[in-house]
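A.B. asks: Turn this into a model:
(one chain, ligands or ions: 1)
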Amino acid sequence: MSFIEEIDRRRTFAIVSHPDAGKTTLTEKLLLFGGAIRVAGAVKSNKIKKTATSDFMEIERQRGISVATSVMGFDYEGVKINILDTPGHQDFAEDTFRTLTAADSVIVVIDVAKGVEIQTEKLVKVCRMRKTPVMVFINKLDREGKDPFELLDEIEEKLEIKVRPLSWNIGMGKELKGIYNIYNQTLNLFSGKDKQIAEEPEKIDNINTPDFDEKIGEKYANTLREELEIIEGVYPDFSIEAYQNAEVSPVFFGSALYNFGIKEILESFIRIAPKPQNRHSSTRLVSPYEEKFSGFVFKIHANMDPNHRNRIAFVKVVSGVFKRNTNYYHVQNQKWQKFSNPTAFMASKQSIIEEAFPGDIVGLNDAGNFKIGDTLTEGEQMAYKGLPSFSPEMFRYVENGDPLRSKQLAKGIDQLLDEGVAQLFTKLSNGRKIIGTVGALQYEVIEYRLEHEYNAKVRFEPLTLYKAAWVSGSREKLDDLRKRKHQYMAEDKHGRNVFLAESFYALQLAQDNYPDLRFHFTSEYND
Ligand code: G4P
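C.D. replies: Got it, this is the predicted structure:
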């Protein structure tokens with residue numbers, strides 16, 4: 001297969017949802033179709049969400065398992081599909097945000113009964129910011145849920161996206177009769193069994209025949225015809241281009257648990273989802289079809305096995321071919337490095353690979369050289385952009401719990417920050433260090449890992465803050481802010497100005513008092 005064909009057949013995407021909407025189940029069923037796993041239940045173990053925060057060892061055990069399932073690659077009808085896994089627990093949302101930067105598209109799973117939930121809103125907001133094409137899968141149709149039209153309105157309103165149904169449910173819950181595929185005009189009847197393999201849906205040439213009425217009952221046939229008419233009247237025709245430009249999101253209905261409606265979304269996905277995309281670097285726009293290899297680290301996973309302390313850096317290949325045992329330039333460290341055991345994840349098995357193409361994810365063993373966002377090239381001085389840190393939502397002061405181990409503590413914190421576990425701010429007024437995270441669980445992770453991996457002890461002290469905002473603007477205004485709000489100012493690890501707002505009002509007041517300064521809630525901004 002030629003280089004171009006290899007690129008063109010790749011589809012790299014992430015599945016996201018609010019916890020419990022069915023992300024894990026959908027992932028598993030997609031893998032089942034791809035032949036990547038044989039039985040349902042294989043992916044289930046990759047879940048942290050149901051663990052109580054106190055049961056920390058369990059979390060670690062599960063984190064270990066999730067390395068293997070971080071990326072799941074499989075071939076389906078000649079298409080190479082790479083599913084990027086995202087943590088189920090919302091305290092690891094930042095990990096999910098970063099994973100989205102490596103995805104060329106996203107499938108959002110929504111529970112038909114619960115509708116749009118808070119985590120879904122946050123995740124889709126990131127997709128909107130990045131203009132990532134989104135597909136929606138409305139799940140759990142085997143249960144009673146909201147009226148589909150109302151749900152579509154809710155999605156448009158809360159997620160601020162335009163939708164276009166491509167499949168439609170016939171009944172719901174106990175009355176679920178089937179799914180009509182609007183795009184292909186096929187009918188998939190619901191059997192109520194958890195099928196391991198989907199049967200071919202029936203092709204329907206005309207839904208206005210007595211034959212069709214007989215299949216699903218006159219009442220349901222009439223309702224379907226009416227609803228399809230409304231759909232055609234209300235929603236614009238589906239356009240692949242509009243979807244790929246992130247202007248419209250196709251919607252599918254189904255039940256992941258019953259393996260129902262999955263084939264419809266998978267078949268549409270391979271036809272319409274975007275191929276590997278161009279990507280902006282600090283100097284230029286890079287095309288996947290360029291000959292020279294380049295890629296960036298979007299995730300670092302520490303190995304939790306105490307006998308193998310190394311980490312895995314996950315690199316998304318942006319352009320060219322990545323080859324084993326070849327020297328590549330690590331831009332941020334200004335060093336050349338080669339990798340003898342790069343791994344990929346096919347059929348949920350991790351194996352050493354000889355080469356990887358744009359769209360693929362390569363796992364590199366790392367002794368602590370990589371940071372999130374680092375770039376590898378064949379020598380070109382450029383850095384990939386688009387890996388923002390988000391303004392943390394929780395804050396604690398860091399204190400050294402063992403004065404004899406301050407070096408270990410500093411090193412440990414430094415490396416954990418490189419992995420993107422949390423963010424560190426230093427207060428201007430007294431030099432105290434603050435760790436900010438998006439979830440409370442992170443503090444347990446940090447404490448545990450510092451102790452077990454770095455032999456250091458940390459003590460956290462409570463700190464109530466509303467938000468940390470990066471501030472940019474003229475030197476003069478910034479100096480003024482640093483002077484007047486000295487007590488509330490800090491620097492991040494790159495020495496950038498950060499305003500620590502104690503409340504929503506404090507933030508608003510600062511923004512009103514300094515209209516010439518810009519307050520940012522992600523660390524990546526251009527000025
Ligand atoms: P998540 O990764 O988004 O957090 O969700 P997950 O797939 O783990 O699904 C959450 C729960 O919803 C699971 O039940 C799962 O079996 C169920 N579920 C997923 N898809 C469907 C569906 O289409 N219909 C119905 N009725 N249920 C569905 P659980 O009891 O919490 O866990 P488990 O004991 O089944 O693992």
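A.B. asks: buried stuff in the helix or strand harbouring residue 227?
C.D. replies: Using DSSP states H and E, the element containing residue 227 is helix 218-234. By neighbour count on 16 or more other CB atoms under 10 Å, the buried set for helix 218-234 is 220-221, 224, 227, 231. Backbone N, C-alpha and C define where each C-beta goes, glycine included.
A.B. asks: pLDDT and distance to residue 357 added to those, as TSV?
C.D. replies: Compiled in TSV, the buried residues of helix 218-234 are given as follows (pLDDT from 0 to 100; distance: CB to CB, whole Å):
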residue	pLDDT	distance to residue 357
220	93	46
221	93	47
224	94	43
227	96	42
231	96	38
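A.B. asks: Among those, which one lies nearest to residue 463?
C.D. replies: Closest to residue 463 out of the buried residues of helix 218-234 is residue 231 (51.1 Å), distances taken as CB to CB.
A.B. asks: who's in contact with the nearest residue to the closest one once chain neighbours are set aside?
C.D. replies: With sequence-adjacent residues excluded and distances taken as CB to CB, 6 or more residues apart in numbering, residue 231 is closest to residue 165, at 5.7 Å. Residue 165 sits next to 148, 152, 182, 231, 235, 250-253 when contact means CB atoms under 8 Å, 6 or more residues apart in numbering.
A.B. asks: Looking at the residues you listed, which gets the smallest pLDDT?
C.D. replies: For those, the weakest pLDDT value sits at residue 182, with 90.
A.B. asks: Now do the phi/psi pair for it.
C.D. replies: phi -70, psi -40 (degrees, to the nearest 10).
A.B. asks: How much space separates it from residue 414?
C.D. replies: 53 Å (CB to CB, to the nearest Å).
A.B. asks: out of the contacts of residue 165, who has the most neighbours?
C.D. replies: Neighbour tally across the contacts of residue 165 (other CB atoms under 10 Å): the maximum, 29 neighbours, falls on residue 253.
A.B. asks: correct me, but it touches residue 181?
C.D. replies: No. At 9.9 Å, residue 253 does not count as touching residue 181 under the criterion of CB atoms under 8 Å.
A.B. asks: any shared contact partners between these two?
C.D. replies: By CB under 8 Å, 6+ apart, the residues touching both residue 253 and residue 181 are residue 167.
A.B. asks: Tell me how many other residues crowd the closest residue to residue 345 other than its chain neighbours.
C.D. replies: Nearest in space to residue 345, with sequence neighbours left out and distances taken as CB to CB, 6+ apart, is residue 71 at 4.4 Å. For residue 71, the count of nearby residues is 27 (other CB under 10 Å).
A.B. asks: Quick check: residue 71 touching residue 316?
C.D. replies: No. Using CB under 8 Å, residue 71 makes no contact with residue 316, being 9.6 Å away.
A.B. asks: residues shared between the contacts of the two?
C.D. replies: residue 361.
A.B. asks: Pull up the residues of the stretch 251-400 of the chain that are close to the ligand.
C.D. replies: 255-257 (CB under 6 Å from any ligand atom).
A.B. asks: can you give me the strands for the stretch 51-200 of the chain?
C.D. replies: Under the criterion DSSP state E, counting those that start in this stretch, strands of the stretch 51-200 of the chain are mapped to 71-76, 79-84, 105-111, 134-139, 163-165, 167-170, 178-181, 186-189.
A.B. asks: So what's the gap between the longest one and the chain middle?
C.D. replies: On the basis of CA atoms, centre = their mean, to the nearest Å, the separation between the geometric centre of strand 105-111 and that of its chain is 10 Å.
A.B. asks: same for it, what does it pack against?
C.D. replies: Packing partners of strand 105-111 (3 or more CB pairs under 8 Å, 6 or more residues apart in numbering; DSSP states H and E): strand 10-17, helix 23-33, helix 118-130, strand 134-139, helix 148-159.
A.B. asks: Equivalent analysis for the last one, please.
C.D. replies: Applying 3+ CB pairs under 8 Å, 6+ apart, one finds that strand 186-189 makes contact with strand 178-181, strand 202-203, helix 210-216, helix 262-272.
A.B. asks: Compute the mean per-residue pLDDT across the longest one, please.
C.D. replies: Model confidence over helix 262-272, given as mean pLDDT, is 90.
A.B. asks: Strand partners (parallel or antiparallel) of the following helix or strand past it?
C.D. replies: Sequence order places strand 279-280 as the next helix or strand after helix 262-272, per DSSP H and E. With DSSP bridges as the test, strand 279-280 is paired with strand 285-286 (antiparallel).
A.B. asks: can I get the CA coordinates of the helix or strand following the partner strand in PDB?
C.D. replies: Going down the chain from strand 285-286, the next helix or strand is strand 294-302, by DSSP H and E. Taking Å, rounded to 0.1, in the frame of the first residue of the first chain, the C-alpha atoms of strand 294-302 are listed here in PDB:
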ATOM      1  CA  SER A 294       6.700  14.800  12.800                       C
ATOM      2  CA  GLY A 295       4.500  14.200  15.800                       C
ATOM      3  CA  PHE A 296       3.700  15.400  19.300                       C
ATOM      4  CA  VAL A 297       3.300  14.000  22.800                       C
ATOM      5  CA  PHE A 298      -0.300  14.300  24.000                       C
ATOM      6  CA  LYS A 299      -0.200  11.900  27.000                       C
ATOM      7  CA  ILE A 300       2.300  10.400  29.300                       C
ATOM      8  CA  HIS A 301       1.400   7.400  31.300                       C
ATOM      9  CA  ALA A 302       3.500   6.400  34.300                       C
END
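A.B. asks: In the stretch 351-500 of the chain, where is pLDDT below threshold?
C.D. replies: 386 (pLDDT under 70).
A.B. asks: Which stretches in it count as helices?
C.D. replies: Taking DSSP state H, counting those that start in this stretch as the criterion, the stretch 351-500 of the chain carries its helices at 406-418, 441-454, 475-484.
A.B. asks: Which positions within the last one qualify as buried?
C.D. replies: By neighbour count with 16+ other CB under 10 Å, helix 475-484 contains the buried residues 478, 480-482.
A.B. asks: Now residue 370: closest residue in space that isn't a chain neighbour?
C.D. replies: Ranked by CB to CB, 6+ apart and with sequence neighbours excluded, the top spatial neighbour of residue 370 is residue 313, at 4.1 Å.
A.B. asks: Counting neighbours, what do you get for residue 453?
C.D. replies: Applying other CB under 10 Å, we find 19 residues neighbouring residue 453.
A.B. asks: Am I right that it is in contact with residue 310?
C.D. replies: No. Using CB under 8 Å, residue 453 is not in contact with residue 310, being 11.0 Å away.
A.B. asks: Run a quick neighbour tally on residue 390.
C.D. replies: 19.
A.B. asks: Now do the phi/psi pair for residue 430.
C.D. replies: phi -140, psi 10.
A.B. asks: Look up how far residue 417 lies from the spatially most distant residue from the centre of the chain.
C.D. replies: Ranked by distance from the centre of the chain (CA atoms, centre = their mean), the top residue is residue 210, with 45.9 Å. Remark: distance between residue 210 and residue 417 (CB to CB) = 68 Å.
A.B. asks: repeat for residue 512
C.D. replies: Distance from residue 512 to residue 417, by CB to CB: 32 Å.
A.B. asks: So for the two, which sits in the more crowded spot?
C.D. replies: Shown here are residue 512 and residue 417; by other CB under 10 Å, residue 417 has more neighbours (19 against 8).
A.B. asks: how about the more buried one, what does it touch?
C.D. replies: 423-424, 493.
A.B. asks: shouldn't residue 161 be in contact with residue 155?
C.D. replies: Yes. Contact between residue 161 and residue 155 holds when scored by CB under 8 Å: they sit 7.0 Å apart.
A.B. asks: hey, what's in contact with both of those two?
C.D. replies: Residues touching both residue 161 and residue 155 by CB under 8 Å, 6+ apart: residue 249.
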